[in-house]
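# Everything below, folded, please.
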Amino acid sequence: MAQSVKPGTGEAGEGGHVCADCGSAVTGKYCAECGQPAHVHRTLMHLGHELLHGVMHFDGRIWRTLPLLVGNPGRLTREWSQGRRTRYVSPLAIFLFTLFIIFFGLSMMPQPKVNIGNSLENAAMTEAQADAIRAELVELDKEIATVETAFESSRGSERIALGTQKGAMAGSRATLQARIDAFDAAKAGGKAPDAPRTDGLTPGSWQAQVADLNWDSNNKGAMAKIGKKLKNPDLMVYKLQQTAYKFAFLLVPLSIPFMWLLFLWRRGFTLYDHGVFVLYSLTFMAMLTLVAVGVAGALPSLSSAVIWLVVFIIPVHMFAQLKGAYSLSFVSALWRTFFLLVFCTIVLALFLTAIVYLGLGH
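All right, here's what the predicted structure looks like:
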């Protein structure tokens with residue numbers, strides 16, 4: 001209100017045309033000695049602007065960066081690499097901010113509770129189907145007994161493998177048994193009671209099935225530590241999410257060498273150029289994932305269409321960015337896109353392996 005009566009109120013450094021920071025005379029919008037703006041705002045609205053600006057230089061540049069990132073990523077990457085940067089948000093800033101938004105959203109989403117233990121929907125089967133499941137249970141019990149015998153006499157990595165197999169078979173058996181229990185309950189006109197678990201997990205839930213996996217080992221290595229954390233699946237998921245957020249930057253150094261391989265025999269491109277390409281590409285993929293998850297969550301009937309659309313958009317965006325950023329011909333960009341997709345699969349596998357080890361192996 002004060003500014004509407006007297007312009008300049010709420011700002012410092014203008015009244016005497018002296019820099020509020022170093023005391024030098026100011027003749028323009030910025031101090032010639034220290035670079036500080038002549039007008040130092042002291043309004044609440046500007047405080048919010050500084051908060052966003054401090055995170056990712058969120059000013060007019062974001063509205064010039066996002067359209068190019070989506071519609072013309074090659075031009076955006078090329079202009080930043082060639083030094084025309086004042087009009088765009090830096091690739092590192094927008095990448096980190098996007099990661100923050102994604103993992104903040106994931107932390108706020110309710111965790112799905114899938115229970116297959118005693119739903120009367122599982123009772124929708126015929127008597128013949130129920131008999132077939134009972135026969136399958138008998139055969140499965142025999143197989144579990146065989147694996148149990150081998151497990152008792154095994155050691156080391158073989159014991160881990162057999163323990164995993166035994167746990168998976170036990171989970172399968174629990175699923176089949178749950179269907180039979182639901183079928184019997186429906187025939188009796190009621191609902192079969194859930195058998196209580198000592199660990200507090202819901203019988204038949206995915207958490208219970210994961211916890212039932214037997215990872216016992218005589219060793220004290222990473223696999224044994226992972227097995228202990230699997231006993232608390234909800235904590236396991238939480239630790240994996242937190243680890244993925246903390247180490248998401250590993251995608252950048254993992255990807256740059258593969259980009260270098262794509263242009264091994266071409267001069268004029270540096271690792272910095274490849275890093276800019278990777279950061280902008282990862283930012284777009286993260287934004288695409290965020291939008292796809294939001295749409296699929298709001299409109300479950302469109303989930304399949306969203307998945308196919310994402311599968312189509314990813315290679316198209318990679319192709320456009322490669323062609324524009326490196327000034328490639330159509331054929332050169334096309335075969336590099338194919339290999340880039342292969343490299344992305346390798347990088348993702350390495351990243352997930354690292355996340356599992358860092359999150360659960362310590």
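# Now tell me what touches stretch 294-308 from outside.
For stretch 294-308, contacts defined as C-beta atoms under 8 Å, 6 or more residues apart in numbering pick out A292. Every C-beta, even on glycine, is put in place using the N, C-alpha and C of the backbone.
# what's the answer for stretch 64-72, then?
Against stretch 64-72 from outside (C-beta under 8 Å, 6+ apart): R75, L76, R87, Y88, V89, I94, Y280, T283, F284, M287, A320, G324.
# And stretch 255-274, what's buried?
S255, I256, F258, M259, L262, F263, F269, D273, H274 (16 or more other C-beta atoms under 10 Å).
# which residues does the closest residue to the third one other than its chain neighbours contact?
Just to be clear, that refers to F258. Closest residue in space to F258, ignoring its immediate chain neighbours: F343 at 3.9 Å, by C-beta to C-beta, 6 or more residues apart in numbering. The contact partners of F343, taken as C-beta under 8 Å, 6+ apart, are S255, F258, M259, L261, L262.
# List just the nearest of the contacts of stretch 64-72 to E139.
Lowest distance from E139 to those (C-beta to C-beta) belongs to M287, with 49.0 Å.
# Once you drop chain neighbours, what's closest to A325?
Nearest non-adjacent residue to A325, counting by C-beta to C-beta, 6+ apart: T77, 3.8 Å away.
# next one: P37
Distance criterion C-beta to C-beta, 6+ apart; nearest residue to P37, sequence neighbours excluded, is Y30 at 5.7 Å.
# What's the separation between G35 and S90?
Per C-beta to C-beta, to the nearest Å, G35 is found 19 Å from S90.
# For these two, work out which one has more neighbours and name it.
Per other C-beta atoms under 10 Å, whichever of G35 and S90 has more neighbours is S90, with 16 against 10.
# Need the nearest residue in space to C344, chain neighbours excluded.
In this structure, C344 finds its nearest non-sequential neighbour in S255, 7.8 Å apart by C-beta to C-beta, 6+ apart.
# and the one you found, what element?
In this assignment (DSSP states H and E), S255 forms part of helix 251-262.
# What of G268?
According to DSSP H and E, G268 maps onto no helix or strand at all.
# Against Y326, how distant is it?
From G268 to Y326 the distance is 9 Å (C-beta to C-beta).
# For the protein, give me the ranges with low pLDDT.
For the chain, the stretches flagged by pLDDT under 70 are 1-16, 40-59, 106-126, 155-165, 167-168, 171, 186-235, 361-362.
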